[in-house]
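Asks: take a look and give me a structure for this.
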Amino acid sequence: MKTDFLKGKTVLITGGTGSFGSSFSRFLLENSKIKKLIIFSRDEFKQFHLQKEFAEDGRARFFLGDVRDLQRLERAFHGVDIVVHAAALKQVPMLEYNPFEAVKTNILGTQNVIDAAIDCGVDKVLLISTDKAAQPVNLYGSTKLCAEKLVTNGNFFGRGATKLSCVRYGNVMGSRGSVVEMLLKEPNRKIVEITDIEMTRFWITLEQSFELVLFALSNMEGGEIFVPRIPSMKLVDLFSALAPKAKREVIGVRAGEKVHEVLLTREESRHSIELPDYYVILPHYDEEIFSMKDRYKKLLAMGEKLEAGFHYASDTNSMWLTKKDFAALLKKSKALN
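Replies: Take a look at the predicted model:
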């Protein structure tokens with residue numbers, strides 16, 4: 001993975017003690033020549049443990065704070081070149097019952113990040129989004145869709161001095177609170193609950209998520225949503241791989257849950273391009289405000305426009321994981337983490 005463009009840069013990660021944030025922090029400290037890494041999060045316990053882990057690397061800094069607090073973000077963002085905004089509330093069932101908490105963190109918190117970044121002269125802001133933001137059916141997905149819109153349209157205010165873009169991807173193998181983590185912790189479960197036998201999901205490894213973030217940071221002009229081309233898998237096959245002896249109990253689709261996920265909608269395909277490893281959703285800006293061909297000429301030269309009506313969903317995906325493939329990728333992902 002190319003990290004040369006990060007040399008001498010100060011990088012701040014919101015949600016820096018989360019699954020992605022902590023793993024990406026390790027990666028940056030081990031594989032790049034960044035000047036400084038600021039880990040911003042509200043979890044003092046996890047910060048304490050990461051401080052001990054990174055104690056010998058003088059580039060690591062820790063900033064206790066919440067993205068809901070604009071003043072705290074403004075203090076943290078001074079002298080920062082790049083912000084990776086990974087802070088979010090993510091547990092779908094819990095957020096259905098605590099809706100405004102999701103709004104305060106995922107929407108208002110994202111607007112705070114945008115405002116602080118522009119006011120402090122940050123060069124680039126990259127939002128970590130989710131497949132649940134495409135055609136959302138739950139509150140989590142809806143708040144992340146709103147966060148995407150705030151970030152892409154925040155470029156009107158950044159006016160090129162601060163560039164703001166997004167990455168959007170599916171389930172990360174082995175992330176905290178995931179079904180994979182649950183099954184790995186309880187390998188001898190006698191019964192596993194399956195919501196729908198046809199259910200499919202996109203899967204991405206931590207390494208692939210790092211590659212996506214680095215590609216976006218090195219190529220973004222502001223306003224894009226970068227989407228990886230990643231495989232799908234039926235959840236019944238996942239259970240067969242991780243709990244082959246367990247009895248399956250079908251319980252029905254839960255509140256706020258889709259049978260299949262979407263990473264790129266038919267409407268978005270009209271202004272998207274296809275690259276070898278990624279799709280890039282370009283913003284639908286007015287040409288009088290931004291000259292699209294000039295602004296995105298580098299990306300447009302790298303790929304081809306998608307056909308109208310293209311639909312990138314987990315059930316119609318051309319890339320599929322077998323049980324053997326999944327086990328191999330999970331092993332690799334665990335080693336990286």
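
Asks: Tyr279 belongs to a helix?
Replies: No. If the criterion is DSSP: H, G, I helix; E, B strand; the rest coil, then Tyr279 is strand and not within a helix.

Asks: the strands in the stretch 101-250 of the chain, which residues?
Replies: Assigned by DSSP state E, counting those that start in this stretch, the stretch 101-250 of the chain shows strands spanning 124-130, 163-169, 171-172, 191-194, 200-204, 225-228, 232-234, 247-250.

Asks: let me have these in a markdown table, extended by mean neighbour count and distance to His311.
Replies: C-beta here means a position set from N, CA and C on the backbone, and glycine is covered the same way. Rendered in a markdown table, the data for the strands of the stretch 101-250 of the chain read as follows (neighbours: other CB atoms under 10 Å; distance: least, CB to CB, whole Å):
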| stretch | mean neighbour count | distance to His311 |
| --- | --- | --- |
| strand 124-130 | 26 | 18 |
| strand 163-169 | 25 | 15 |
| strand 171-172 | 21 | 19 |
| strand 191-194 | 15 | 25 |
| strand 200-204 | 23 | 13 |
| strand 225-228 | 24 | 12 |
| strand 232-234 | 21 | 13 |
| strand 247-250 | 10 | 27 |
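
Asks: what residue ranges in the stretch 1-150 of the chain score low on pLDDT?
Replies: Scanning the stretch 1-150 of the chain with the threshold set as pLDDT under 70 gives no residue ranges.

Asks: looking at the strands of the stretch 101-250 of the chain, spot the one closest to Glu53.
Replies: Proximity to Glu53 (CB to CB) singles out strand 171-172 among these, at 20.1 Å.

Asks: same for that closest one, what does it pack against?
Replies: strand 200-204 (3 or more CB pairs under 8 Å, 6 or more residues apart in numbering; DSSP states H and E).

Asks: residues in contact with the strand it packs on?
Replies: Strand 200-204 has contacts (CB atoms under 8 Å, 6 or more residues apart in numbering) with 131, 169-173, 212, 228, 230-235, 259-261, 263, 314-315, 317, 321, 326, 329.

Asks: re the thing from before, pipe the strands of the stretch 101-250 of the chain into a markdown table and attach distance to Leu70 per row.
Replies: A markdown table is the format used below for these (distance: least, CB to CB, whole Å):
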| stretch | distance to Leu70 |
| --- | --- |
| strand 124-130 | 15 |
| strand 163-169 | 16 |
| strand 171-172 | 29 |
| strand 191-194 | 41 |
| strand 200-204 | 31 |
| strand 225-228 | 25 |
| strand 232-234 | 39 |
| strand 247-250 | 46 |
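
Asks: for Ser178, find the nearest of these.
Replies: Closest to Ser178 of the strands of the stretch 101-250 of the chain is strand 171-172 (CB to CB; 6.5 Å).

Asks: picking up where we left off before, closest one to Tyr279 among the strands of the stretch 101-250 of the chain?
Replies: The nearest among the strands of the stretch 101-250 of the chain, by CB to CB, is strand 225-228 at 4.3 Å.

Asks: may I have that closest one as CSV, with CA atoms only?
Replies: Extracted C-alpha coordinates of strand 225-228, given in CSV (Å, rounded to 0.1, in the frame of the first residue of the first chain):
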residue,chain,number,x,y,z
ILE,A,225,-17.9,8.6,-2.5
PHE,A,226,-15.4,5.8,-3.0
VAL,A,227,-16.9,2.3,-3.0
PRO,A,228,-14.7,-0.9,-3.1
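
Asks: direction included, what does it pair up with?
Replies: If you go by DSSP bridges, strand 225-228 pairs up with strand 163-169 (parallel), strand 278-281 (antiparallel).

Asks: would you mind giving those strands as JSON lines with mean pLDDT and distance to Gly65 added?
Replies: Below are these laid out as JSON lines (pLDDT from 0 to 100; distance: least, CB to CB, whole Å):
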{"stretch": "strand 163-169", "mean pLDDT": "97", "distance to Gly65": "20"}
{"stretch": "strand 278-281", "mean pLDDT": "97", "distance to Gly65": "31"}
